[in-house]
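below is the structure, and that's it, no one-letter string:
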């Protein structure tokens, strides 16, 4: 059985922004069934919330650029048409970047849904009043609870949780204790999770070929 | 406040010829276009606004209309990819979401206004002179 690795919103955004080649490799491993990637469904919504927040930041920049272009159109200011065209190209490039991030985020979620699993919100977390128990931030607590509940309900021999969000998930004893209680090995980077998956996958190969 | 703010064209630009309205969707059926034009026509009537040009666009086509009170038939129907690839050569290779489609439509409109540039906006020759004049205003 391939190892199971839980990932969260930062994984999807890393792939979407092309920031982490290791995350791309893990997706390829999931497609060849060397790892079972699991993403809490709440992270799908969170991904688009993060994207929307970043898009608003970009929109603020592109509105300012368009204002300069409009000024040129109205008053033929010192900004020449060539300079206005350069500004417009910059505006389009900024919007193109956000469009590409959204497209890659959607494809990443699609690949996990197809070759891995999307896991449901923890019923216990919701039934307990939807209040943070381990991590003060609701979304992060919700993600942790969903991962832990899923691992308890469907135990596997090798289970990990990779997150770059060390601020909230990092070294906090309560978080580590919660993960350990469900037999989940924590990873603070996608790279270290990839090494773990690779080692387990390599170790399993000779036995499979016998 | 713009009388178009609550009606929902994705943007409205005032020009001496009247207002230019732009609305984009990833897919626009004939019924969608009729419904949008009717909504814009009604709003123009309610506010005594003159519409110079209405541009409706999806990932396949750009439909160019004069004032929909005068004519609900487009004066031109242009292939979106051929027009907007001028501003993004990857247009046909990537998924283009509505926000970005609108941004590229803005680039096309801006190009008309920067008419002193050596390269003319794609599709310009397919448009009537009065429409070009409004888009360039």
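Okay, I see it. Since we're looking at a predicted model, the values are computed, not measured.

residues touching the helix or strand containing residue A:177, excluding its own?
Assigned by DSSP states H and E, residue A:177 belongs to helix A:173-181. Identification of contacts with helix A:173-181 by CB atoms under 8 Å, 6 or more residues apart in numbering or on different chains yields A:134, A:135, A:144, A:147, A:148, A:161, A:168, A:169, A:185, A:186. C-beta: built from backbone N, CA, C; applies to glycine.

top of these by neighbour count?
Using other CB atoms under 10 Å in any protein chain shown as the neighbour criterion, residue A:144 leads the contacts of helix A:173-181 with 30 neighbours.

how close does it get to chain B?
Residue A:144 is 31 Å from chain B, where distance means CB to the nearest CB, to the nearest Å.

repeat for residue A:176
39 Å.

next one: that residue, what pLDDT does it get?
At residue A:176, the model reports a pLDDT of 91.

quick one: the host helix or strand of residue A:14 near chain B?
Per DSSP H and E, residue A:14 falls inside helix A:9-16. No. Under the criterion of CB under 8 Å from any CB of the partner chain, chain B is not reached by helix A:9-16; the shortest gap measures 12.5 Å.

how about low-confidence regions in chain A?
A:78, A:170-171, A:206-210 (pLDDT under 70).

now with 90, please.
Applying pLDDT under 90 to chain A flags residues A:1, A:69-84, A:123-139, A:163-174, A:201-210.

can you tell me which residues in it are near chain B?
A:55, A:62, A:66, A:69, A:72-73, A:81-82, A:84-85, A:88-89, A:91-92, A:95-96, A:98-100, A:102-103, A:106.

residue A:34 touches residue A:2, doesn't it?
Yes. Here residue A:34 reaches residue A:2: they are 5.6 Å apart, a contact under CB atoms under 8 Å.

so what sits against both of those two?
residue A:201.

got the buried residues for the helix holding residue A:177?
A:175, A:178, A:179 (16 or more other CB atoms under 10 Å in any protein chain shown).

how near is the last one to residue A:161?
With distances taken as CB to CB, to the nearest Å, residue A:179 is found 6 Å from residue A:161.

anything in contact with each of those two?
Joint contacts of residue A:179 and residue A:161 (CB under 8 Å, 6+ apart) are A:147, A:185, A:186.

ok, so of those residues, who is nearest residue A:204?
The shortest approach to residue A:204 among those belongs to residue A:185, at 16.4 Å (CB to CB).

which residues are in contact with the closest one?
A:158, A:159, A:160, A:161, A:179, A:196.

which among these gets closest to residue B:57?
Looking across those and measuring by CB to CB, the closest to residue B:57 is residue A:161, at 44.1 Å.
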